[in-house]
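>>> Give me a model of this one.
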Amino acid sequence: MTQSLIGYAYDARAEEYLAVAGEIDQMTPGDTELIAAWRDATMGRLLDAGCGPGHWTRFLHDGGAAGHPRDVLGIDLSAAFIAHARELSPHVEFVEGSFADLPLPDASIGGILAWYSLIHTPPSELPAVLAEFARVLAPGGSILIGFFDGTPREPFAHAITTAYFWTTDALAGPLEDAGFTITASESRPRVDGEVSSRPHGAVTAVRS
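Residues are numbered from 1 along each chain as shown. Model prediction:
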């Protein structure tokens, strides 16, 4: 039920979201650089988990070496976002559904981008989601998570629906329990002109 409510909440505000955060050029340059570096260092098929309107999915797809597109799948709960993503990027594969129950075989993915898509997952449900990510990731596969940095597990009134703060230290336990090893992390305050005013955090981890 939680997953359905999140999808409906984003459907209701989809046009507003697209106006302010639906294109790569609206994203923070540092985020784009981080995701590009992760993409280029990650082998195999990529999954954009909680892909929203598909701008990061398209960015992953179009960033292959020597002009060759990457094999990428985007999945999201919002029907409005998936429809928008398919219209703008018919050459990229998108699926409407939950990343808590991925329509993928075991060990079939090389990397997962979860960029600000776990923020609405209640902390008690996060271990199950990370276990699902670990299931579909091949050994040595990588995950990149973006999140709002703050008091761990504390809820706050996100513009769309309730979200939760995390820190790298707080994510370390659930990630390790799911079979991941953290390899890099960052945190920084926001600056004027960014999409969000809340502090940013990101963590990269590898499946053992």
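>>> C-alpha from now on. contacts and neighbour counts both.
OK.
>>> Sheet partners, orientation included, of the helix or strand containing Gly146?
Here Gly146, judged by DSSP states H and E, is contained in strand 137-148. Looking at strand 137-148 with DSSP bridges, its partner strands are strand 109-115 (parallel), strand 200-207 (antiparallel).
>>> contact partners of the first one?
Contacts with strand 109-115, where a contact means C-alpha atoms under 8 Å, 6 or more residues apart in numbering, come from 42-51, 133, 136-138, 140-147.
>>> can you do 6 Å?
By C-alpha atoms under 6 Å, 6 or more residues apart in numbering, the residues outside strand 109-115 that reach it are 43-49, 136-138, 141-146.
>>> again, but for stretch 122-130
100, 153, 174.
>>> out of the residues you listed, who's nearest Ala80?
Closest approach to Ala80 among these (C-alpha to C-alpha): Ala100, at 19.2 Å.
>>> What distance do you get for that closest one to Asp48?
From Ala100 across to Asp48, the span is 13 Å (C-alpha to C-alpha, to the nearest Å).
>>> Which of the two has more residues huddled nearby?
Asp48 (26 against 17; other C-alpha atoms under 10 Å).
>>> Note down every partner strand of whichever helix or strand that one is part of and its orientation.
Assessed by DSSP H and E, Asp48 sits inside strand 46-49. Strand 46-49 pairs in its sheet with strand 72-76 (parallel), strand 109-115 (parallel), by DSSP bridges.
>>> could the ones you listed go into a markdown table alongside mean neighbour count and mean pLDDT?
Shown next, in a markdown table, are those (neighbours: other C-alpha atoms under 10 Å; pLDDT from 0 to 100):
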| stretch | mean neighbour count | mean pLDDT |
| --- | --- | --- |
| strand 72-76 | 24 | 97 |
| strand 109-115 | 24 | 98 |
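>>> For the ones you listed, could you give me CSV that also reports distance to Gln26?
Formatted as CSV, those follow (distance: least, C-alpha to C-alpha, whole Å):
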stretch, distance to Gln26
strand 72-76, 19
strand 109-115, 15
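>>> for those strands, which one sits closest to Glu23?
Closest to Glu23 of these, according to C-alpha to C-alpha: strand 109-115, at 14.1 Å.
>>> Convert the C-alpha atoms of that closest one to CSV, please.
This file holds the C-alpha atoms of strand 109-115, laid out as CSV (Å, rounded to 0.1, in the frame of the first residue of the first chain):
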residue,chain,number,x,y,z
ILE,A,109,22.2,-6.2,-13.4
GLY,A,110,25.6,-4.6,-13.3
GLY,A,111,24.7,-1.3,-11.6
ILE,A,112,21.7,0.3,-9.8
LEU,A,113,21.1,4.1,-9.6
ALA,A,114,18.8,4.9,-6.7
TRP,A,115,19.0,8.7,-6.9
